[in-house]
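Q: Starting from these lines, generate the structure:
(one chain, ligands or ions: 2)
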Amino acid sequence: MDAETKAHAGDESSGVNTFCDVALRLPPRQWFTYRIPDSLQTYIRPGMRVTVPLRRVTVVGIVGRCHSRNPDVAVKDVVDVIDDVPWFDSDLLKLADWISEYYFCAPGEALFAMLPGGLRASVDTVYHHQSERMRTTGLGPAEKRVCLYVADHPGALRAELLLKFPQSGTVKRLEKLVKQGSLSLRRRVRSSKIKSLSNKAVEWIGPRSGDEFKGDALATHLINSAAPVSARSIRHKFPKAPGQLLRLARRNCVRTVEVPTPYEPTMHRVSQQADLELTSHQDSALRTISKAVGSHQTFLLYGVTGSGKTEVYIRAIRSTLEMGKSALFLVPEIGLANMLLERLAAHFYSRVVVLHSGLTQRERALAWRAVHRGERTLVVGTRSAVLAPLNNLGIIIVDEEQDASYKQENPVPRYHARDVAIWRAREAGAICVLGTATPSLESWHNAASGKFVRLDLPTRIEGRELPRLHLVNMRNRSDPESLLTSTLEHRIRATIDNGGQAILFLNRRGYSGALRCGLCGEVCPCPDCSVAYSYHRDRRQLRCHFCGRHQAAPKTCEACGGDRFLFLRAGTQRVEDELAERFPAARIARLDLDVATKRGGAAAVLERFGRGELDILLGTQMITKGLHFPRVSLVGILNTDMGLDMPDFRATERTVQQVLQVAGRAGRGDIAGSVYVQTVQPEQPVFRFLESGDYSSFVAAELTVRKAHQYPPFTRLIQILALAREEAVAEDAMKVFVDRLSSSPRGLFKSVGPAPAPLKRLRQQYRWQLILKTSRVKATLRTIEKAMAELNKGSVRFNINVDPVQLL
Ligand code: ADP
Ligand code: ZN
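A: Ligands and ions are numbered 1, 2, ... in the order given. This next block holds a predicted model:
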């Protein structure tokens, strides 16, 4: 190994490393080199956080490697090191490098996305006044005012001063005052959230034997505890503890220490049940998977709904943990996966950590730390859990691998958790299991081409039938404003009369799509986005489902003053009303984002449904995933057209997957299930596949279409968006950019557009879109980067999204 490559590899043992490469949380996508001052030589290691100067401020960064390769340019010194142990090992640093390269972001943006918010630090710049005596000679009036303010407010934050003195010269003025010694400046790392991650505890340091403390219950308790005892539990058990402890401390027998708060899973502890006897399909899938643990292989576990995939996951995790390796289990949505968590808790309570976006910062930090220290070796979580600091990975499971929620669209890094999982598994020499009843076309294609090994579970457990699917033509319904056809209404009635339960699915929350004036036909649009507001009746509000903006619903039409509104495209709230009207005796509940955002709201509804206290559950896509309610015999899909009509090449695929997934909730118990799918376009060929339940024929047909139009999986897409407040600005910038791109190597990519994005305006920003199709993502990104570097972007922002899933 020559000197240069050695430095690159960050060899720590090779004497003095005078430089380090630091990842910062901002573009461009590169590492920034800094000098390590002598005082920090022995402390700085890769994976630690440091503070470094950047232009005029100090920022927190993460050290990627230390080396002795002197860069050609002048470098600044590292200011300080924050951590005493690294947060990131070499595997995670490498993962961040890959994410940065493939998904086009700064390595720091990838690394900070891995670190939970509660463990992040920021730097405050604070100012102090230098001398007792006001040194005001030679100062202008504005400088004097700043000085006086700081004298009155020692330790004033830089941000505070800029707010207090918004004049343009303040930054320069502060610099001058520091330079000439009127003010001093200090930088303070703020990482306050870490404190709550430890607790006070009492440790026994006195003699452990002898009769001296016989009869003293508190002392005996401490002597007999191997580890420090938390102060809280002492106060709880011994009411007079404060006085007693003080006396023991005077005798040098106890001392107070800070101990890290242990992680406690937020789930019920369930007793383990006897193992089920696996079906022959489950058994052979499990054998193949278990045999592969210890090497790399990606499996596509294609099992129809209710075929027992979860049981296979659990056994595979168990054998992996038994080998001393760790496991990662990704699910699309966890708030609703209580049943899954209970099953996991029964087996792995003391090993599992749950990571998802519904946690508080503290819960998330505790969980992350427990994984980082290797105290917990099984992570169950949603998308971002794929970045968990697991060591020695043996298996990664991605359940419902086709789910769109695995792709992070915003903010950066715009990664796809399934694809990151596959990459991580390969790097770690682990296996990856993609499980689903409806494989994505990408995974299907990869299995067909031999990249993945396909394992099938073709039948439901205990010989249960897959539910039959019936089409209902909505064009002939008598009341065109209603989403309930008489066919579906009869089925619901029959189901309830027979003691069964019904699930009704509608992919739109709120009361109606738009609020449309009955007189002039105008709809109320969100002022910030090019979409109509949705009407929410419970709060009499108009809400934008894209940006969240809301306002009170008007009483009269703003365009013509008319006072009668139409609700043409019904949402969940409106259907709920209609159901209550038609089934006055039925017990009905709604489950959508509005219900679920209240903490515990979704779980409460599902528990009531599970206990049989509800007859009808009405919901959005939240109810399509993973639910297992044996008494559900009817599933109604109220409006399939909304999904099919989306301007996206994946619209058909996604609709089919969603319909089959919701359909899979029916007939999981002793009563056979049936599914009613309502549509205004029953002649669409896609419904033939749905009626026959033939997913593989659907995939074959859809793949032909994709191939003809050169869409994934036959190519990769890179979406480039130009965003600006004025449409012409976004358009012009995009056109200049396209012009720059035209000098790229021929045949590297094909471009589609530029054109306004389907969602033309969002959050006050106009959006122009360009799509590149390529088989060489990294080379194309380098070309994009080059074209962009020469661009005078002005007030335009460019977003780059590799393998986009939502093309809106
Ligand atoms: P999937 O994830 O494929 O939809 P699940 O794993 O949830 O299916 O299994 C459906 C139901 O069948 C669950 O209640 C599960 O406990 C049960 N089950 C799974 N495997 C077996 C088995 N081998 N024998 C009996 N019941 C099983
Ligand atoms: Zn909006």
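
Q: Tell me how many other residues surround residue 33.
A: 17 (other C-beta atoms under 10 Å). For the C-beta atoms, the positions are set from N, CA and C on the backbone; glycine is no exception.

Q: for the residue nearest to it when sequence neighbours are not counted, helix, strand, or coil?
A: Excluding the flanking residues, the one nearest residue 33 by C-beta to C-beta, 6 or more residues apart in numbering is residue 71, at 4.8 Å. State at residue 71, reduced to three classes by DSSP: H, G, I helix; E, B strand; the rest coil: coil.

Q: Please determine how far residue 71 is located from ligand 1.
A: As for residue 71, its distance to ligand 1 is 53 Å (criterion: C-beta to the nearest ligand atom, to the nearest Å).

Q: Kindly report the same for residue 560.
A: 52 Å.

Q: And for residue 519?
A: 50 Å.

Q: Could you pull up the contacting residues of the residue nearest to that residue when sequence neighbours are not counted?
A: Among residues not flanking residue 519 along the chain, residue 562 sits closest, at 3.1 Å (C-beta to C-beta, 6+ apart). The contact partners of residue 562, by C-beta atoms under 8 Å, 6 or more residues apart in numbering, come to 517, 518, 519, 520, 556.

Q: For the strand of greatest length in the chain, which residues meet the burial criterion?
A: Secondary structure assigned by DSSP state E gives strand 750-762 as the longest strand of the chain. By neighbour count on 16 or more other C-beta atoms under 10 Å, the buried set for strand 750-762 is 751, 754, 756, 757, 759, 760, 761, 762.

Q: pLDDT score for the residue nearest to residue 519?
A: Per-residue pLDDT puts residue 562 at 80.

Q: separation between it and residue 181?
A: 71 Å (C-beta to C-beta, to the nearest Å).

Q: Neighbour-wise, which one of the contacts of residue 562 leads?
A: residue 517 leads the contacts of residue 562 on contacts (other C-beta under 10 Å) with 22 neighbours.

Q: tell me which parts of this structure are close to ligand 2?
A: Residues of the chain lying close to ligand 2 by C-beta under 5 Å from the ion are 526, 528, 529, 544, 546, 547, 549.

Q: closest point of the stretch 551-700 of the chain to ligand 1, which residue?
A: residue 628 (5.2 Å; C-beta to the nearest ligand atom).

Q: and the residue nearest to residue 519, helix, strand or coil?
A: Going by three-state DSSP: residue 562 is coil.

Q: Going along the chain, name the helices of the stretch 601-750 of the chain.
A: Counting by DSSP state H, counting those that start in this stretch, one finds helices in the stretch 601-750 of the chain at the ranges 601-610, 641-644, 651-663, 686-692, 695-709, 727-741.

Q: most packed of the ones you listed?
A: Of all those, helix 651-663 has the most neighbours on average by mean count of other C-beta atoms under 10 Å, namely a mean of 22.

Q: ok, back up a step: format the helices of the stretch 601-750 of the chain as JSON lines; extra columns: mean pLDDT.
A: JSON lines is the format used below for the helices of the stretch 601-750 of the chain (pLDDT from 0 to 100):
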{"stretch": "helix 601-610", "mean pLDDT": "86"}
{"stretch": "helix 641-644", "mean pLDDT": "78"}
{"stretch": "helix 651-663", "mean pLDDT": "91"}
{"stretch": "helix 686-692", "mean pLDDT": "92"}
{"stretch": "helix 695-709", "mean pLDDT": "94"}
{"stretch": "helix 727-741", "mean pLDDT": "93"}
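
Q: Cheers, nothing more for now.
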